[in-house]
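1. Provided below are the primary sequence and the corresponding predicted coordinates.
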Amino acid sequence: MIYIKLFLSFFQIGLFSFGGGYAALPLIEQQTIEVNGWITNQQFIDILTLSEMTPGPIAINAATFTGNQITGVLGGVIATIGVTMPSVIIVLLLAYFYFKYKNIKMVQGIIQGLRPAVVALIASAGLTIFLTAMFGHSEFPFQLDQLKIVSVVLFIIGIFLMRKYKLSPIQIMILSGISGIIIYAFI
């Protein structure tokens, strides 16, 4: 029963994840934490961290890690199939219709109308991740004594290194991981 529920939840995530992998994050969060209670906020952040630092699309990686967290390897496989199946079907259909009708104003209007909604979905997921990383939770209100100073410092350093020295996301992840080992394991 859990495998069917896992498949259907991730199928739904895949079906409504417009705008790429990051747009799926609020849906993954909603299905795995709020609706089904399979994982905690902290586990979700950990899964996102692992998903970001491994090769491949973040939504597929997150589905694989989440399914594995819930029921083991088979759960990872089922969640991955569930999250990818809708996009394979939809992309094949949309590709056919888009290339046939792409010059029609209504089709162009649909694309233009979806863009702001996709940005809002990504921003919402980013805000949840940011607040959980900085405060340990994403619910209001926040108190200054809940602020994780080390997280804030690593966040600022990461942005500085990316902007000033054009370090890649991989380099930032490696440096942050090493910093985390030094700060949390040895100090």
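-> The structure has been received and is ready for your questions.
2. can you list contacts of stretch 160-170?
-> Residues outside stretch 160-170 that contact it (C-beta atoms under 8 Å, 6 or more residues apart in numbering): 52-53, 171-172, 175. Any C-beta I mention is one placed from the backbone N, CA and C, and that applies to glycine too.
3. ChimeraX command to pick out the buried ones of the residues you listed?
-> Per 16 or more other C-beta atoms under 10 Å, the buried members of the contacts of stretch 160-170 correspond to this ChimeraX selection:
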select :52,172
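4. Could you pick out the longest helix of this protein?
-> helix 105-135 (DSSP state H).
5. So which bits of it are buried?
-> Within helix 105-135, the residues scored as buried using 16+ other C-beta under 10 Å are 121-122, 125, 128-129, 131-135.
6. what do you get for stretch 9-24?
-> Of the residues in stretch 9-24, 9-15, 17, 21-24 count as buried by neighbour count, 16+ other C-beta under 10 Å.
7. still on that earlier bit, could you identify the helix or strand that succeeds the longest helix of the chain?
-> The element immediately downstream of helix 105-135 (helix or strand, assigned by DSSP states H and E) is helix 149-165.
8. model confidence over that next one, on average?
-> Mean pLDDT, helix 149-165: 94.
9. buried stuff in it?
-> Neighbour count says helix 149-165 has 151, 154, 158, 161 buried, by 16+ other C-beta under 10 Å.
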